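Q: Fold the following.
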Amino acid sequence: MAATGKKKKKIPPIDKEFLDKMENALLTLKSEIIDNLITSNEDFKEIMDGVEPKDLADIASDDIDRKMIEAIGAQELKRLKLIESALTRIKQGKYGHCIKCGKRIPQDRLIAIPYALMCIECKSEEERRNR
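A: Next up is the predicted model:
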């Protein structure tokens, strides 16, 4: 009896040298983000410690600074989570494969965005839907 279902194509694994290169890039990015968050946190503490009765312009400026630091921190935390996820996928042997369609993500895309979850086609489709 022959199987009637379609066979899923086996995608060959990404070569070890490229994986090592990407893992190092991800670890470097992770370190940079953590350093930025620590610096931002220190800047945030300085702003908060320096809050005392001032004129309205100074209060507005401090508020803008505080909001910018918070926004940067939130973006960096999101990137940090994506990097952690990519490092986990490397260990599981799933790195470099689109989480939607399963196709190989081009190496040029991974070099540009080492924590990319999707191939360009799936990411573009997702962005069109979210507009």
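Q: Where does the prediction get shaky in the chain?
A: Applying pLDDT under 70 to the chain picks out residues 1-13, 41, 43-72.
Q: mind running it again at 80?
A: Low-confidence segments of the chain (pLDDT under 80): 1-13, 37-73.
Q: where along it do the helices fall?
A: 16-49, 56-92, 107-112, 120-129 (DSSP state H).
Q: mind putting those in TSV, distance to residue 99 included?
A: Where you see a C-beta, it was placed from the backbone N, CA and C, and this is true even at glycine. Below are these laid out as TSV (distance: least, CB to CB, whole Å):
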stretch	distance to residue 99
helix 16-49	16
helix 56-92	9
helix 107-112	13
helix 120-129	8
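Q: Just put the ones you listed in CSV and tack on mean neighbour count.
A: Converted to CSV, the helices of the chain look like this (neighbours: other CB atoms under 10 Å):
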stretch, mean neighbour count
helix 16-49, 13
helix 56-92, 13
helix 107-112, 14
helix 120-129, 12
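Q: Ok, which of these comes nearest residue 100?
A: Evaluated with CB to CB, the helices of the chain place helix 120-129 nearest to residue 100, the distance being 4.1 Å.
Q: Show me what that closest one is packed up against.
A: Helix 120-129 sits against no helix or strand, with contacts defined as 3 or more CB pairs under 8 Å, 6 or more residues apart in numbering; DSSP states H and E.
Q: which other residues reach it?
A: The contact list for helix 120-129 (CB atoms under 8 Å, 6 or more residues apart in numbering) reads 98, 100, 101, 106, 109, 116, 117, 118.
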